[in-house]
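Q: Sequence and predicted structure below; questions after.
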Amino acid sequence: RELLERVGDFELEEHPIGGASIDAHGVALTDEVLEACRAADAVLLAAVGGPRWDTTDPDAPRPEQGLLGLRKGLGLFANLRPVRPSPALLDASPLKRELIEGTDLLVVRELTGGIYFGDRGLDGDTAHDTCVYSEGEVERIARVAFGLARRKVTSVDKANVLETSRLWRKTVERVAAAERTPIEHMLVDNAAMQLVSRPADFDVILTENMFGDILSDEAAMLTGSLGMLPSASLGDGPGPGLFEPVHGSAPDIAGKGTANPLAMFGSVAMMLRHGLAMETEAAALESALDRALEDGLRTPDLQGNATTEAATRAVLANL
């Protein structure tokens, strides 16, 4: 809130989702909150889960249902997760500096199809989750990826095993034929390996819902911490985008004032750029983040001792 007050004149509304909504209303997302989000210019989302609401009961509400419902209800099919390690944090990554220098990649993840939204069920000691994709779903996310690429698109699938991946690859090839940007295909297990062996070779990684979920968390560690990674979820209609840090709710440090706010600040920068057409302000905020890190800002997840409050002050001082 302090950051937004410094950047511009915003009208803010706050609504419960996830665990907070389950406690208050018995469901992870109410119709009223969904309608409020539809009426907004942009939606900034915090983390939604925690062990209090973990359950194996298929009929019990789960916090993640709120997030999935919001994505589906707002028609947000394209999830953008940029991975650009700050020069000041090249030694904070578990990987060697020379491996990650020059890394500047974008994961473009399909967000409203695949196994997370397919038919599922539990029958005694047997369970099933169904992965379904249509050509139209693959085509629209592929066009987003090609529109954002600078050098090449790496499409990640499991076409040697999965029928959905074979459809994915065939459809991406068809879209690529009309584009000037080079396309390469990579199996997901190989992509996971290449991300830690030669991350700087990637430009845009295009992939389906579950693969993108896993690969983007892996890629987050190139930046030194999951607490550094922002994201944007966008649709192709007039509705608002959804902007959120990739990390979870970190219940183990709740109330201690030590959470890293930089992924949320990065998500605000993506909101300014992609949701509100405020490019100058977005660039200024990203510059302030880099400068604060160059000046030595380190939260506990980055092997430092800066509190959430101190990290906020450091960014604001450079804005």
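A: Received the coordinates, thanks.

Q: Which strands or helices does the longest helix along the chain pack on?
A: In the chain, with assignment by DSSP state H, the single longest helix is helix 279-294. With contacts defined as 3 or more Cβ pairs under 8 Å, 6 or more residues apart in numbering; DSSP states H and E, helix 279-294 has these neighbours: helix 2-7, helix 262-270, helix 308-318. All C-beta atoms are positioned from the backbone trio N, CA, C, and that covers glycine.

Q: Centroid-nearest residue for this structure?
A: The centre of the chain sits closest to residue 231, judged by Cα atoms, centre = their mean, with a distance of 3.6 Å.

Q: now that one, what's its secondary structure?
A: For residue 231, the assignment made with DSSP: H, G, I helix; E, B strand; the rest coil gives strand.

Q: what's the closest non-adjacent residue to residue 211?
A: residue 188 (4.8 Å; Cβ to Cβ, 6 or more residues apart in numbering).

Q: Could you tell me how many residues sit around the one you found?
A: By other Cβ atoms under 10 Å, the residues close to residue 188 number 21.

Q: same thing with the one 10 residues further on?
A: Here the neighbour count serves as a burial measure; for residue 198 (other Cβ under 10 Å) it reads 12.

Q: Now it. Nearest residue, chain neighbours left out?
A: residue 99 (7.4 Å).

Q: Would you mind naming the helix or strand containing the one you found?
A: Using DSSP states H and E, residue 99 sits within helix 97-100.

Q: What are the contacting residues of that helix?
A: Under the contact criterion Cβ atoms under 8 Å, 6 or more residues apart in numbering, helix 97-100 has outside partners 85, 90, 91, 93, 196, 197, 198, 199, 200, 222.

Q: Direction included, what does the helix or strand encompassing residue 82 pair against?
A: Residue 82 is part of strand 78-83, with elements assigned from DSSP H and E. Paired neighbours of strand 78-83 in the sheet (DSSP bridges): strand 105-110 (antiparallel), strand 230-234 (antiparallel).

Q: Can you get me a residue count around the residue nearest to residue 198?
A: The burial count for residue 99: 16, using other Cβ under 10 Å.

Q: where along the stretch 151-300 of the chain do the strands fall?
A: 153-157, 183-187, 204-207, 230-234, 241-245 (DSSP state E, counting those that start in this stretch).

Q: now what about the fourth one, what contacts it?
A: Here strand 230-234 makes contact (Cβ under 8 Å, 6+ apart) with 71, 74, 76-82, 111, 144, 216, 241-246, 263-267, 269-271, 274-275.

Q: If we use 6 Å, what do you get?
A: Strand 230-234 has contacts (Cβ atoms under 6 Å, 6 or more residues apart in numbering) with 71, 76, 78-81, 111, 241-246, 263, 266-267, 270, 274.

Q: Check the second one too.
A: For strand 183-187, contacts defined as Cβ under 6 Å, 6+ apart pick out 153, 154, 155, 156, 158, 169, 176.

Q: related to what we said a few turns ago, can you lay out the contacts of helix 97-100 as JSON lines showing distance to residue 139?
A: Shown next, in JSON lines, are the contacts of helix 97-100 (distance: Cβ to Cβ, whole Å):
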{"residue": "85", "distance to residue 139": "32"}
{"residue": "90", "distance to residue 139": "37"}
{"residue": "91", "distance to residue 139": "42"}
{"residue": "93", "distance to residue 139": "35"}
{"residue": "196", "distance to residue 139": "30"}
{"residue": "197", "distance to residue 139": "31"}
{"residue": "198", "distance to residue 139": "29"}
{"residue": "199", "distance to residue 139": "28"}
{"residue": "200", "distance to residue 139": "29"}
{"residue": "222", "distance to residue 139": "29"}
